[in-house]
Every structure is written in C-alpha cells, then in structure tokens.
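[1] need coordinates for the following:
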Amino acid sequence: MIENADFSPEELERRKHDKIEYRKKQRASNIFILASTLIQIIETLIILCILLWSDLMIMFKVIKINDESGPTILQLSFFILFFVGLVLGFFAYKYTMKFIVTKFDLSGKLLDTTIEHYKFIKRKK
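    All right, here's what the predicted structure looks like:
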C-alpha cells in the first residue's frame, strides 16, 4: 500500500476530490440506469399494447376473420408482433436515453462506462 506521506498535500487533496467526484458519478449512473430500465419497460409495454390493439382492430374490423381460421391467424400475428414490439421498444429506449442525456446534459454527470453504453452519444470533453 502506498503511504500518504509519499504525496504532496495538493496531490492528496486532488485524489480525495477525484474519489468524491467518482462516487457522485457512480451514484448518478446507478440511479440513471434504474430509471432508464423502468422507462424501457414502460415504453416496450406501451408499444406492445398499441401493436396488439391495432392488430385486433385490423383483424376484426377490416379483415373480419372467421371463426375457423381466427385463432391460428391471431396466434401467429401476436407471436410476430410481440418480437417486433420488443425490437421497437429497444430502439425507442436508445433514442429516448440519447434525448434525455443530451437534453439535460448528463454526459458530464455520469460515468464513462454508462455513456459508452449508448454508443452513438458523443462524450463532451
């Protein structure tokens, strides 16, 4: 372990300040990740509900499916729309987080690893 006597008082103060700053960024990053996860879940559920509701409206109002083929068509369309909704939810999540980070200028308040998770966001120097 390095003795504190090996460093000047200015260096010790700088290291202490850097450690405090890192902890602040780490706390902010953890809160941001938790909040963004909740936002992603909500966005994905909303997208899935909209897709499935529109599918039901199209099937019953526009196409007017019959009783024999109805369950099979609905199962297939729900299966496909579920995966489409998940993919759209991921894209919506990325763009929402990009908007939030740039709008509120959070790039200086979060850890570099958190910012790098959103690969298309440029870190301000």
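
[2] can I get stretch 22-29 in CSV, CA atoms only?
    Taking C-alpha atoms only, stretch 22-29 is exported to CSV below (Å, rounded to 0.1, in the frame of the first residue of the first chain):
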residue,chain,number,x,y,z
TYR,A,22,-16.2,9.4,-8.9
ARG,A,23,-18.6,8.4,-6.2
LYS,A,24,-21.0,11.1,-7.2
LYS,A,25,-20.9,10.0,-10.8
GLN,A,26,-21.3,6.3,-9.8
ARG,A,27,-24.4,7.2,-7.7
ALA,A,28,-25.9,9.2,-10.5
SER,A,29,-25.1,6.5,-13.0
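
[3] which other residues reach that stretch?
    L106, K109, L110, L111, T113, T114 (CB atoms under 8 Å, 6 or more residues apart in numbering). To be clear about C-beta, it is placed using only N, CA and C from the backbone, and glycine gets the same treatment.

[4] and the last one, what does it touch?
    Right, T114. Here T114 is in contact with S29, F32, I33 (CB under 8 Å, 6+ apart).

[5] try the fourth one
    With contacts defined as CB under 8 Å, 6+ apart, L111 is in contact with Y22, K25, Q26, S29.

[6] neighbour-wise, which of the residues you listed leads?
    Greatest neighbour count in the contacts of L111, by other CB atoms under 10 Å, goes to S29: 19 neighbours.

[7] no further queries at this time; thank you.
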